[in-house]
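A.B. asks: sequence and predicted structure, then a few things I'm wondering about:
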Amino acid sequence: MSRIDDPLDPQVSAVEELSEPTTEELAIVPELVANNLGEYVRGWIARIRGGDAGALPVIAGLILISILFQSLNSHFLTAGNLVNLLIQGSVYMLLAMAEVFALLLGEIDLSIGYVAGIGGVIMAELLKEGNNWPWWAAIAVALLATAAIGTCHGTLITRLGLPSFVVTLAGLLGWQGVMLYILGQGGVVPINNNIVNDFTSGQLTVVASWIVMLALVALYGARAWFRDARRRASGLVAPPASLTLLKIAGVFVCGVVLVLICNTDRGVVTSIKGLPWVVLIVLLVLVAWSALLGRTKPGRYVYAIGGNAEASRRAGVNLNVIRTMCFTLASFTAGIAGVVYASRLRSVSTAIDGGTLVLYAVAAAVIGGTSLFGGRGKPSHAVLGGLVIAAIDNGMSLQGYSAYVRYIVTAFVLLAAVTLDALTRRGRTAR
């Protein structure tokens with residue numbers, strides 16, 4: 001028995017009864033009810049052969065990058081450097097998740113680098129002496145402002161039919177000018193709020209790190225198990241129980257490794273241990289956007305529009321609303337990245353290079369497995385791609401390479417990812 005999900009209806013109302021799936025059927029149908037783990041693995045291998053490798057290439061690339069830089073510098077895989085890599089890469093991960101919303105539609109958003117800058121600047125201005133806003137209110141206003149920017153971009157693109165490339169390129173230039181105007185002659189606004197600064201420089205205690213990790217794994221495990229069990233009982237798409245257990249065990253192992261690394265003393269003058277707060281911020285955004293795109297009707301509509309906009313329109317999807325929503329969420333997520341970026345620097349200044357940030361965001365999303373052609377990708381892919389970008393930047397910094405070398409290497413990695421995406425798309429089309 002197998003079941004094909006309707007991309008326009010996450011509730012899944014019909015069950016199609018078929019004969020025992022063959023290897024070819026497993027390659028064609030992206031999701032199946034497998035009777036056992038072996039059958040599921042065979043289907044997974046068939047999908048890889050058919051061009052649907054998912055996040056496997058970027059995971060393999062991340063492992064190879066780690067081995068390479070560790071062989072060149074033994075400090076690369078130390079606890080202190082790995083935690084520093086996570087903190088540095090958090091901005092790339094958040095911006096890449098923002099870019100995913102546009103890429104899934106087959107569009108692009110070139111403005112998110114300076115939209116992030118706007119978010120950081122607004123927060124810093126409201127926090128500085130003389131205004132003294134509460135930290136939560138300053139962040140809320142900054143995020144609402146960036147969301148409004150995204151809504152403006154989306155409205156111009158959908159209502160006037162303007163190309164997203166042109167609208168967001170204008171946003172890149174325009175919002176850079178607005179940021180420079182707000183900062184004025186001084187050019188730098190320090191952030192003296194300890195709570196905001198602790199987003200990236202603060203961490204949980206050792207005990208709290210373990211408690212949070214175990215609680216998160218327990219929540220994930222309970223949700224995954226009961227969701228898959230309910231779907232299996234209803235005859236809907238669900239992996240075998242053994243695979244569900246393996247996924248839960250894999251998440252638990254990853255959590256244990258992460259906490260062990262973060263709880264290692266990485267201080268030089270004083271002891272520094274614990275899971276950084278910024279890791280939880282990135283995880284919270286990842287969970288929220290994964291749930292939105294994977295478990296809600298608007299999220300399914302995003303994939304449907306990216307796959308075939310005309311077919312989605314004929315099926316009754318309001319393309320303008322969904323597209324505007326995506327650009328709004330892209331800018332909102334960029335605002336979160338701007339807050340994190342300002343927290344890491346403990347200030348905002350005219351030195352923010354939004355152009356480079358947006359290029360890294362696009363690179364991270366595509367390297368992670370998000371298709372430039374729309375309809376394929378996940379927020380988790382963006383996080384993996386952000387880790388790759390951060391690892392390349394961090395590893396080359398340890399080696400003392402100049403900035404031009406880092407740009408060239410990142411360009412080759414991006415080109416390889418785009419080439420893989422194009423070949424994968426060609427293979428799926430031929431199949």
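C.D. replies: Nice, I can see it.

A.B. asks: gap between the nearest residue to Leu293 once chain neighbours are set aside and Val100?
C.D. replies: Once flanking residues are discounted, Leu293 sits nearest to Gly299: 3.8 Å by Cβ to Cβ, 6 or more residues apart in numbering. Bear in mind the C-beta positions are built from the backbone N, C-alpha and C, glycine included. Per Cβ to Cβ, to the nearest Å, Gly299 is found 12 Å from Val100.

A.B. asks: same check, this time on Val285
C.D. replies: 11 Å.

A.B. asks: what touches both of the two?
C.D. replies: Both Val285 and Val100 are in contact with Pro379, where contact means Cβ atoms under 8 Å, 6 or more residues apart in numbering.

A.B. asks: who's more crowded, these two?
C.D. replies: For Val285 versus Val100, the count of surrounding residues by other Cβ atoms under 10 Å is larger for Val100: 32 against 23.

A.B. asks: hang on, that one packs against Pro379?
C.D. replies: Yes - using Cβ atoms under 8 Å, Val100 is in contact with Pro379, at 5.8 Å.

A.B. asks: residue contacts, Val256?
C.D. replies: Met213.

A.B. asks: correction: the previous question concerned Leu169.
C.D. replies: Leu169 neighbours (Cβ under 8 Å, 6+ apart): 110-111.

A.B. asks: quick one: secondary structure of it?
C.D. replies: helix (DSSP: H, G, I helix; E, B strand; the rest coil).

A.B. asks: contacts for stretch 332-344 next, please.
C.D. replies: 87-88, 90-91, 94-95, 97-98, 101, 112-113, 115-121, 123-124, 139, 142-143, 145-147, 150, 191, 196-201, 278, 281, 285, 289, 348, 352.

A.B. asks: now do stretch 126-146
C.D. replies: 115-116, 118-120, 122-123, 125, 189-193, 195-196, 331-332, 334-336, 338-339.

A.B. asks: check the offset of that stretch from the chain's centre.
C.D. replies: With Cα atoms, centre = their mean, to the nearest Å as the basis, stretch 126-146 stands 25 Å off its chain's centre.

A.B. asks: span of it from start to end?
C.D. replies: 15 Å (Cα to Cα, to the nearest Å).

A.B. asks: list the buried residues of that stretch.
C.D. replies: 126-128, 133, 135, 138-139, 141-143, 145-146 (16 or more other Cβ atoms under 10 Å).

A.B. asks: same question for stretch 160-180.
C.D. replies: Of the residues in stretch 160-180, 164, 167-168, 171-172, 175-176, 178-179 count as buried by neighbour count, 16+ other Cβ under 10 Å.

A.B. asks: quick revisit: in JSON lines: the buried residues of stretch 126-146, plus distance to Asn308 and pLDDT.
C.D. replies: Putting the buried residues of stretch 126-146 into JSON lines (distance: Cβ to Cβ, whole Å; pLDDT from 0 to 100) gives the following:
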{"residue": "Leu126", "distance to Asn308": "44", "pLDDT": "94"}
{"residue": "Leu127", "distance to Asn308": "46", "pLDDT": "93"}
{"residue": "Lys128", "distance to Asn308": "49", "pLDDT": "88"}
{"residue": "Trp133", "distance to Asn308": "46", "pLDDT": "93"}
{"residue": "Trp135", "distance to Asn308": "44", "pLDDT": "94"}
{"residue": "Ala138", "distance to Asn308": "42", "pLDDT": "95"}
{"residue": "Ile139", "distance to Asn308": "38", "pLDDT": "96"}
{"residue": "Val141", "distance to Asn308": "39", "pLDDT": "96"}
{"residue": "Ala142", "distance to Asn308": "36", "pLDDT": "96"}
{"residue": "Leu143", "distance to Asn308": "33", "pLDDT": "96"}
{"residue": "Ala145", "distance to Asn308": "34", "pLDDT": "96"}
{"residue": "Thr146", "distance to Asn308": "30", "pLDDT": "96"}
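
A.B. asks: from these, which land in helices?
C.D. replies: 126-127, 135, 138-139, 141-143, 145-146 (DSSP state H).

A.B. asks: if we can go back for a sec, out of the contacts of stretch 126-146, which are buried?
C.D. replies: Using 16+ other Cβ under 10 Å as the burial test, these include 115-116, 118-120, 122-123, 125, 189, 191, 193, 196, 331-332, 334-336, 338-339 as buried.

A.B. asks: without its sequence neighbours, what residue ends up closest to Thr158?
C.D. replies: Asn320 (4.1 Å).

A.B. asks: just the buried positions in stretch 290-304, please.
C.D. replies: For stretch 290-304, by 16+ other Cβ under 10 Å, it's 290, 292-293, 298-304.

A.B. asks: same question but for stretch 216-236, I mixed them up
C.D. replies: Buried residues in stretch 216-236 (16+ other Cβ under 10 Å): 216-217, 220-221, 224, 228, 231-232, 236.

A.B. asks: how far is that stretch from where the chain is centred?
C.D. replies: Worked out by Cα atoms, centre = their mean, stretch 216-236 lies 23 Å from the chain centre.

A.B. asks: can I get the CA coordinates of it in CSV?
C.D. replies: Written as CSV, here are the backbone C-alpha positions of stretch 216-236 (Å, rounded to 0.1, in the frame of the first residue of the first chain):
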residue,chain,number,x,y,z
LEU,A,216,13.9,19.3,23.3
VAL,A,217,14.8,15.7,22.3
ALA,A,218,11.9,14.4,24.4
LEU,A,219,9.4,16.8,22.7
TYR,A,220,10.7,15.9,19.3
GLY,A,221,10.6,12.2,20.0
ALA,A,222,7.1,12.3,21.4
ARG,A,223,5.8,14.4,18.5
ALA,A,224,7.5,12.2,15.9
TRP,A,225,6.4,9.0,17.4
PHE,A,226,2.7,9.8,17.9
ARG,A,227,2.5,11.6,14.6
ASP,A,228,3.9,8.7,12.6
ALA,A,229,1.9,6.1,14.7
ARG,A,230,-1.3,8.0,14.1
ARG,A,231,-0.6,8.2,10.3
ARG,A,232,0.2,4.5,10.1
ALA,A,233,-3.0,3.7,11.9
SER,A,234,-4.9,5.8,9.4
GLY,A,235,-3.2,4.3,6.4
LEU,A,236,-1.5,7.5,5.5
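
A.B. asks: average pLDDT for it, rounded please.
C.D. replies: Taken as a whole, stretch 216-236 has a mean pLDDT of 86.

A.B. asks: likewise stretch 263-271?
C.D. replies: In the prediction, stretch 263-271 has an average pLDDT of 83.
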